[in-house]
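Q: only the shape, not the letters, is given here:
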């Protein structure tokens, strides 16, 4: 009886892993934060800083963006993997955005005055954050 159960489970697992299925992207086991410091990216004449973010095999890279409290950011996401998980982006306000494959997609955000705000994939499996730097002194 146990043997039959184990075979049934193995068949189900194998059937769920067929090629062509919309599998979740494989993620590296190393889940250390990939940090963009407050001076990362480019700053436009209007003071808005642009930060490039890849939505790929490792989730969001970088997945932590430091900034000055109240700083305006333009996050430019580029999705580089197929699959359902990273196809949608939930911005800090909770609004869902469809991320096109291999094409930049811009989201405007403001660094909070204190603490952090998060963004995530549509399934809340991968996430990143925008973190207010503490004042030095």
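A: Good, I have the coordinates. What you see is a predicted model; the values in this text were computed from it and never measured.
Q: buried residues in stretch 90-110?
A: For stretch 90-110, burial by neighbour count (16 or more other C-beta atoms under 10 Å) applies to 90, 91, 92, 97, 99, 105, 107, 109. All C-beta atoms are positioned from the backbone trio N, CA, C, and that covers glycine.
Q: that one - what's its average pLDDT?
A: Summarised as a single mean, pLDDT over stretch 90-110 is 97.
Q: how distant is it from the center of its chain?
A: Offset of stretch 90-110 from its chain centre (C-alpha atoms, centre = their mean, to the nearest Å): 10 Å.
Q: ditto for stretch 88-99
A: Remark: stretch 88-99 is offset 10 Å from the chain centroid, using C-alpha atoms, centre = their mean.
Q: same question for stretch 83-101.
A: Mean-position distance between stretch 83-101 and its chain equals 9 Å (C-alpha atoms, centre = their mean).
Q: thinking residue 130 is in contact with residue 92, fair?
A: Yes: using C-beta atoms under 8 Å, residue 130 is in contact with residue 92, at 7.1 Å.
Q: now do the shared contacts for the two.
A: Both residue 130 and residue 92 are contacted by 109, 117, 118, 119, under the criterion C-beta atoms under 8 Å, 6 or more residues apart in numbering.
Q: can I get those in JSON lines including distance to residue 52?
A: As requested, those are arranged in JSON lines below (distance: C-beta to C-beta, whole Å):
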{"residue": "109", "distance to residue 52": "14"}
{"residue": "117", "distance to residue 52": "19"}
{"residue": "118", "distance to residue 52": "19"}
{"residue": "119", "distance to residue 52": "14"}
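Q: appreciated, that's everything.
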